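Colleague: For reference, the sequence and a predicted model appear below.
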Amino acid sequence: MDASRQRSKRHRALPAERRNALIAATLRSLAEGGREGASVRRIAARAGVSTGLINHHYGSVTALIADAYRSLAGQLLADLRASVAAAASDPTARLEAFIATAFKAGPTRPEMLNAWLVFWEMIRHAPEVQAAHDETFGAYRAFLETVLEAFKAGHQKANFDARLAAIGLSALLDGLWLERCFNDRTFSRTEAMRLCLDFVKGLARAGASPKPTRARSARPSMPDSRSLPK
């Protein structure tokens, strides 16, 4: 059994209460200190445990951070699923519920910005964090695709690629959320939600089959003989 599988087995065996406490301490440490909070000493101090306990259960602080990423992204997906399920059966209402929750769910509170920035930065060089990202973003995108497929089915003329639409909408949501974290006076959350909904509606209009137009003759019109020079 390789080292990564051994670490995975160890932290899966953690009692749920202790695992949740370590993850909560990790998220608080990252949210407050950013990259400086991603140290085993800071997280252990925040959790009130020894660094040896974290290393024993996780093998490394990176593995714990990856688990925290998986937990935070999982909570966001759970919030999105719940809000969509509680919305009216109308596909547009369900899409609106998804977009609204993406901006106001607990994991997307502005104070969590530092934690997300740490996660995104670590994706580039930490395989465990990259694996957590691939897993959670894959599940997030798959759910968003189902919401967009339902929206498309409810609009007879819409004909867009739901996978690409999910990627585009996800990027728009992230970008608007980040900008509001930096300065929430630039635009309101309501305006951000409207931009996202207009993005999808624009795709639906652009993908609609155009009405056939009457072909014009390629032959140039002949001038009136009365206008020709004598």
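Modeller: Perfect, thanks for sending it. Residues are numbered from 1 along each chain as shown.
Colleague: List of residues touching the helix or strand encompassing residue 201?
Modeller: According to DSSP states H and E, residue 201 maps onto helix 189-206. With contacts defined as Cβ atoms under 8 Å, 6 or more residues apart in numbering, helix 189-206 is touched by 95-96, 99-100, 102-104, 148, 151-152, 155, 157-158, 160, 165, 168-169, 172-173, 176-177, 180. Using the backbone N, CA and C atoms, a C-beta is placed for each residue, glycine as well.
Colleague: Of the residues you listed, which belong to helices?
Modeller: The members of these that map onto helices under DSSP state H are 95-96, 99-100, 102-104, 148, 151-152, 165, 168-169, 172-173, 176-177, 180.
Colleague: By neighbour count, sort out the buried ones in these.
Modeller: 95-96, 99-100, 102-103, 148, 151-152, 165, 168-169, 172-173, 176-177, 180 (16 or more other Cβ atoms under 10 Å).
Colleague: My understanding was that residue 70 contacts residue 137; is that so?
Modeller: No: between residue 70 and residue 137 there is no contact under Cβ atoms under 8 Å: 10.9 Å.
Colleague: More neighbours: which of these two?
Modeller: residue 70 (19 against 15; other Cβ atoms under 10 Å).
Colleague: Pick out the residue nearest the middle of this structure.
Modeller: Geometric centre of the chain, nearest residue: residue 170, 4.9 Å, by Cα atoms, centre = their mean.
Colleague: which residues does it contact?
Modeller: Taking Cβ under 8 Å, 6+ apart, one finds 137, 140, 141, 144 in contact with residue 170.
Colleague: OK, contacts around the second one?
Modeller: Residues in contact with residue 140 (Cβ under 8 Å, 6+ apart) are 73, 76, 77, 80, 170.
Colleague: mind checking which helix or strand it is in?
Modeller: Short version: residue 140 belongs to helix 127-153, going by DSSP H and E.
Colleague: Any idea how far apart the tips of stretch 181-195 sit?
Modeller: 17 Å (Cα to Cα, to the nearest Å).
Colleague: Average pLDDT for it, rounded please.
Modeller: Regarding stretch 181-195, the rounded mean pLDDT is 96.
Colleague: Identify each buried residue in that stretch, please.
Modeller: Neighbour count says stretch 181-195 has 181, 192, 193 buried, by 16+ other Cβ under 10 Å.
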